[in-house]
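S.K.: Quick one, what's the 3D model for this:
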Amino acid sequence: MGEAVIHEDHHDHKPTGIGRWLFSTNHKDIGTMYLVFSLIMFFIGGAMAMVIRAELFQPGLQFVDPQFYNSMTTVHALVMIFGAVMPAGVGLANWMIPMMIGAPDMAMPRMNNMSFWILPFAFTLLLSTFFMQGGAPAGGWTMYPPLVLQLGDGFPFLIFAVHFLGISSIMGAINIIATVFNMRAPGMTFMRLPLFVWTWIITAFLLIAAMPVLAGAVTMLLTDRFFGTAFFDAAGGGDPVLFQHIFWFFGHPEVYILVLPSFGIISQIIPTFARKPLFGYASMVYATASIAFLSFFVWAHHMFTVGMPLAGELFFMYATMAIAVPTGVKVFNWTATMWRGSMTFETPMLFAIGVLFMFTLGGFSGLMMGITPVDFQYHDTYFIVAHFHYVLVPGIVFGILGGVYYWLPKWTGHMYDETLGKWHFWASTISVNVLFFPMHFIGLAGMPRRIPDYSTQFTDWNMIISIGGFGFGLSQLFLVWVVIKCIRGGKKASNEVWEGAQGLEFTLPSPPPFHSFTTPPIVTNATAHS
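M.R.: Numbers count the residues shown, from 1 in each chain. Got it, this is the predicted structure:
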């Protein structure tokens, strides 16, 4: 007993100052570092998008040369995906998963620290390529050969950075799986886990399956460039389309790695503010697993124009249609959860409803692109850019923002400024639609993506898009303001932050008997509060 006490005292010695952050093994501190890092990368990636939109405000070449413009599109995507969205999701997972399953911390706290600290070094490598001979990578975020093989000295740094990012992701994923499988509180069976935890288990398995594929692809690029292999060089018997197959075998599951945690977040938010349990809990779990499984069978819908056999095109078209079904189940369940609920519209709920509407729009345009014959018209136009940005920005980033507002009182002990939060939501929502919706029009009219100049008939829409882009970028300053203000103080958050509704996700893990839903009780704010 005495030994145990001594051990505990030793454990309670906490480093202070910078040591607290550098050597932290505390899941909350590491979650905070992930989120802060993610916010910084969000603004760096956003600055690159601003360069793109400034250049496209008018036809002709205004501000940057084509090579630098291509570097902007390439690095903007890599920074946003691997630097902003993925670390934000992992940050939320680090903060919330141990608390949601009743675990004291993550299963492997030191590995947790390491998987975070790999990231700043990886992005230092990536961004340092801007100062190298030949400039930053400009082969698109997909890194297609032979384009990417013609890069200057920055090429090996790009490959090395991608390897680091993959290692970090795999370590984080192993940690999440080990934590949830081994450290759940007694009675917390798998079918009682909060949906956010479920989406992260499934995301973690996707990461472990998909990231090594990307590692293999970029290693083959590296050997093609420096070691005389010809995996992707037709002159040596290789095939550049092989790279596309390997890349998208990683790339499509990656899309769901980004989006599933956002689904998990809004599956926590909507029941809270609708004041009733999530509709169809089990079907949500199975739909999430189905999406993850099917995501490995649709990769070549990114490649309809490479000259596949007809049977291949048909297979990938039908598989793409199939993956829309579980996604539709989720949208239906979220809507059914809100149906006849006592809804209130605090900032997290606004972001969740925004995800519901705008992600669905992105999903519909995705179905359009899944129809093989018409994809020949859409391919490599701004219609594609419109589609995936509707999925990524209002679908994923809004989900993360909703999660931040939802859990901020729990993290800081203070309520955030609700008025500022709503300003942030409305400014972001209006500007994001001004930014991305007109891209459908210019895409259908034939404007190609990834070009610094364009034909004059696209000028008016491009001006509107650029104005929306700058509006969206500036709107994110509200977020910084809200977070800093909340950390520094404000109204104390109660134990039950969201008026008694917060407990729903724990007190109603298994659905009540069917007959109790025939006449749902109307829960007002007053009764919920009491």
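
S.K.: so where's the stretch 401-530 of the chain uncertain?
M.R.: 499-530 (pLDDT under 70).

S.K.: wait, the chain
M.R.: Along the chain, the parts satisfying pLDDT under 70 run over 1-13, 499-530.

S.K.: Name the helix or strand for the closest residue to residue 322 other than its chain neighbours, please.
M.R.: Among residues not flanking residue 322 along the chain, residue 294 sits closest, at 6.0 Å (Cβ to Cβ, 6 or more residues apart in numbering). Quick note: C-beta positions are derived from backbone N, CA and C, even for glycine. Under the criterion of DSSP states H and E, residue 294 resides in helix 281-294.

S.K.: Give me the residues contacting that helix.
M.R.: Contacts to helix 281-294, defined as Cβ atoms under 8 Å, 6 or more residues apart in numbering, come from residues 191, 195, 198-199, 202-203, 205-206, 253, 256, 260, 263, 267, 278, 319, 322-323, 325-327, 329-330, 333, 509-511.

S.K.: excluding its backbone neighbours, what's nearest residue 136?
M.R.: Leaving aside its sequence neighbours, residue 136 sits nearest to residue 71 (Cβ to Cβ, 6+ apart; 3.9 Å).

S.K.: buried residues in the helix or strand where the one you found lies?
M.R.: Following DSSP H and E, one finds residue 71 within helix 66-78. With burial defined by 16 or more other Cβ atoms under 10 Å, the residues of helix 66-78 counted as buried are 68-78.

S.K.: In CSV, list the residues you listed along with distance to residue 166.
M.R.: Below are the buried residues of helix 66-78 laid out as CSV (distance: Cβ to Cβ, whole Å):
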residue, distance to residue 166
68, 27
69, 27
70, 24
71, 22
72, 23
73, 22
74, 18
75, 17
76, 20
77, 16
78, 12
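
S.K.: between those, which is nearest residue 366?
M.R.: For those, the closest approach to residue 366 (Cβ to Cβ) belongs to residue 77, at 17.6 Å.

S.K.: The closest one touches residue 138, doesn't it?
M.R.: No: assessed by Cβ atoms under 8 Å, residue 77 is found out of contact with residue 138, at 11.9 Å.

S.K.: Is residue 143 in a helix, a strand, or coil?
M.R.: Following DSSP: H, G, I helix; E, B strand; the rest coil, residue 143 is assigned to coil.

S.K.: Next one: it from residue 120, what distance?
M.R.: Going from residue 143 to residue 120 by Cβ to Cβ, to the nearest Å gives 22 Å.

S.K.: which of these two has more neighbours?
M.R.: Counted by other Cβ atoms under 10 Å, residue 143 and residue 120 do not tie: residue 143 has more neighbours, with 23 against 14.

S.K.: Can you report phi and psi for the more buried one?
M.R.: phi 60, psi 40 (degrees, to the nearest 10).

S.K.: In this structure it contacts residue 221, no?
M.R.: Yes: contact criterion Cβ under 8 Å: residue 143 and residue 221 qualify, at 6.7 Å.

S.K.: Pull out the buried positions in the helix or strand encompassing residue 169.
M.R.: Assigned by DSSP H and E, residue 169 belongs to helix 155-182. For helix 155-182, the buried set under the neighbour-count rule, 16+ other Cβ under 10 Å, comprises 155, 157-177, 179-180.

S.K.: Which elements pack onto whichever helix or strand comes after it?
M.R.: With elements assigned by DSSP H and E, the helix or strand that comes after helix 155-182 is helix 195-226. Judged by 3 or more Cβ pairs under 8 Å, 6 or more residues apart in numbering; DSSP states H and E, the packing partners of helix 195-226 are helix 86-101, helix 155-182, helix 240-274, helix 281-294.

S.K.: Tell me which of those helices approaches residue 440 most closely.
M.R.: helix 240-274 (19.1 Å).

S.K.: Let me know the angle separating the closest one from helix 86-101.
M.R.: Interaxial angle, helix 240-274 versus helix 86-101 (axes from the mean of the first three to the mean of the last three Cα atoms, to 10 degrees): 40 degrees.

S.K.: Compute the inter-axis angle for helix 240-274 and helix 281-294.
M.R.: For helix 240-274 against helix 281-294, the angle by the same axes, to 10 degrees is 170 degrees.

S.K.: what helices or strands is helix 240-274 leaning on?
M.R.: Judged by 3+ Cβ pairs under 8 Å, 6+ apart, the packing partners of helix 240-274 are helix 86-101, helix 195-226, helix 281-294, helix 310-338, helix 347-370, helix 398-412, helix 504-507.

S.K.: can you rerun that using 10 Å?
M.R.: Judged by 3 or more Cβ pairs under 10 Å, 6 or more residues apart in numbering; DSSP states H and E, helix 240-274 is in contact with helix 86-101, helix 155-182, helix 195-226, helix 281-294, helix 310-338, helix 347-370, helix 398-412, helix 504-507.

S.K.: Can you get me the start-to-end distance on stretch 221-235?
M.R.: Using Cα to Cα, to the nearest Å, the end-to-end distance of stretch 221-235 comes out at 15 Å.

S.K.: Likewise for stretch 186-204?
M.R.: 23 Å.

S.K.: For the remainder of this discussion, apply numbering that starts at 51.
M.R.: With 51 as the first residue, the last one maps to stretch 236-254.

S.K.: In that stretch, which residues are buried?
M.R.: Neighbour-count burial for stretch 236-254, counted by 16+ other Cβ under 10 Å, picks out 238, 242-254.

S.K.: Centre of the chain to it, how far?
M.R.: 19 Å (Cα atoms, centre = their mean, to the nearest Å).

S.K.: Over to stretch 264-276?
M.R.: Remark: stretch 264-276 is offset 26 Å from the chain centroid, using Cα atoms, centre = their mean.

S.K.: and that stretch, which residues are buried?
M.R.: 264-265, 267-268, 270-272, 274-275.

S.K.: closest to residue 487 among those?
M.R.: Distance to residue 487 across those (Cβ to Cβ) is lowest for residue 264, with 31.2 Å.

S.K.: Can you verify my assumption that the closest one contacts residue 307?
M.R.: No: with contact taken as Cβ atoms under 10 Å, residue 264 and residue 307 are classed as non-touching, separated by 11.0 Å.

S.K.: and for those two, which residues touch both?
M.R.: Both residue 264 and residue 307 are contacted by 219, 300, under the criterion Cβ atoms under 10 Å, 6 or more residues apart in numbering.

S.K.: Now the buried members of the contacts of helix 331-344.
M.R.: 245, 248-249, 252-253, 255-256, 303, 306, 310, 313, 317, 328, 369, 373, 376-377, 379-380, 383, 559.

S.K.: Residue 149 and residue 316: what is the separation?
M.R.: 19 Å.

S.K.: Which one of these two is surrounded by more residues?
M.R.: Ranked by neighbour count (other Cβ under 10 Å), residue 149 and residue 316 place residue 316 first, with 30 against 14.

S.K.: Identify the residues contacting that one.
M.R.: Taking Cβ under 10 Å, 6+ apart, we find residue 316 in contact with 245-246, 249, 380, 384, 387, 398-399, 401-406, 409, 445, 448-449, 452-453, 456.

S.K.: before we move on, the earlier item: closest to residue 109 among the buried residues of helix 116-128?
M.R.: Of all these, residue 109 sits closest to residue 119, with 13.5 Å by Cβ to Cβ.

S.K.: excluding its backbone neighbours, what's nearest the closest one?
M.R.: residue 502 (3.9 Å).

S.K.: Assign a three-state SS to that neighbour, would you?
M.R.: Classification of residue 502 using three-state DSSP returns coil.

S.K.: just checking, it touches residue 103?
M.R.: No: between residue 502 and residue 103 there is no contact under Cβ under 10 Å: 11.5 Å.

S.K.: The strand or helix carrying residue 90 vs helix 205-232, what angle?
M.R.: Applying DSSP H and E as the criterion places residue 90 in helix 77-105. Helix 77-105 and helix 205-232 are oriented at 140 degrees to each other (the same axes, to 10 degrees).
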